[in-house]
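Colleague: curious how this folds, go ahead:
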Amino acid sequence: MLNLLNIKKSSHQILKSQAGLSIMEILIALTLIGLAGTFIVSRVLDNLEEGKQEAAKIQINNLKNRLLDYKRRCGQFPSSEQGLDALVQAPTAGEQCKRYPANGFIEGGRIPMDPWDNEYVYTSDGRNYGIISLGADGAEGGEGFDSDINSKEI
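Modeller: Just a heads-up that it's a prediction; the model follows:
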């Protein structure tokens, strides 16, 4: 009987000692959850930036196609001075386009902004052109997500 009483006492002590988590265990668990959350958030943000880079490439390719349409109708690309605006309304400065379509070359009449809400940089001498998105930082050059996206490289 004494043995049974001792077993009962020791099992009660074991249950009592395992009743809750220590503050150290809780802090370790919260730290691990925080680290996992940080990793997940950084992956989501990286995927978002990769998506923006891909969107910029798609927009640049669409602009390239509109510029080719412009050249077919007008005989040359818009000048740097005329810019991409020549795709939405007939240029008034420089070389005029006699066969300019009434609705322009872009539906909606607006040049899209790049995915970071910056204007595309357009340069042309009439025979060749370049379209550049300045990337996430909006400045020339950069690395990673800040790097420029150039029509000549895609």
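Colleague: count of residues packed around Ile28?
Modeller: Around Ile28 there are 12 other residues, counting by other CB atoms under 10 Å. For every residue, glycine as well, the C-beta is placed using N, CA and C.
Colleague: cool, and Asn150?
Modeller: Neighbour tally, Asn150, other CB under 10 Å: 13.
Colleague: cool, and Tyr129?
Modeller: 23.
Colleague: show me what contacts it?
Modeller: Shown here is Tyr129, whose contacts under the criterion CB atoms under 8 Å, 6 or more residues apart in numbering are 67, 77-78, 122-123, 151.
Colleague: correct me if wrong: Ile60 contacts Ile131.
Modeller: Yes - using CB atoms under 8 Å, Ile60 is in contact with Ile131, at 5.1 Å.
Colleague: so what's in contact with the two at the same time?
Modeller: Residues touching both Ile60 and Ile131 (CB under 8 Å, 6+ apart) are 120, 151.
Colleague: before we move on, back to that, buried among the contacts of Tyr129? Make that a PyMOL selection.
Modeller: Only the buried members of those enter the following PyMOL selection, criterion being 16 or more other CB atoms under 10 Å:
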select buried, resi 67+77+78+122+151
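Colleague: and after the lowest-mean-pLDDT helix or strand in the chain, which helix or strand comes next?
Modeller: In the chain, no helix or strand scores lower on mean pLDDT, DSSP states H and E than helix 2-17, which sits at a mean of 53. Using DSSP states H and E, the helix or strand that follows helix 2-17 in sequence is helix 23-74.
Colleague: what sits against the residue minimising distance to the centre of the chain?
Modeller: Centroid-nearest residue in the chain, with CA atoms, centre = their mean: Lys52, separated by 2.1 Å. Counting by CB under 8 Å, 6+ apart, Lys52 touches 115-116, 136, 145.
Colleague: ok, now Phe77?
Modeller: So Phe77 contacts 67, 70-71, 124, 126-129 (CB under 8 Å, 6+ apart).
Colleague: so, low pLDDT: which residues of the protein?
Modeller: For the chain, the stretches with pLDDT under 70 are 1-19.
Colleague: let's see 50
Modeller: 2, 4-5 (pLDDT under 50).
Colleague: returning to what we had before: need the contacts of Phe77 in JSON lines (columns: distance to Ile111).
Modeller: JSON lines is the format used below for the contacts of Phe77 (distance: CB to CB, whole Å):
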{"residue": "Leu67", "distance to Ile111": "12"}
{"residue": "Tyr70", "distance to Ile111": "13"}
{"residue": "Lys71", "distance to Ile111": "17"}
{"residue": "Ser124", "distance to Ile111": "14"}
{"residue": "Gly126", "distance to Ile111": "19"}
{"residue": "Arg127", "distance to Ile111": "21"}
{"residue": "Asn128", "distance to Ile111": "20"}
{"residue": "Tyr129", "distance to Ile111": "14"}
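Colleague: if anything else comes up later, I'll come back, but that's it for now.
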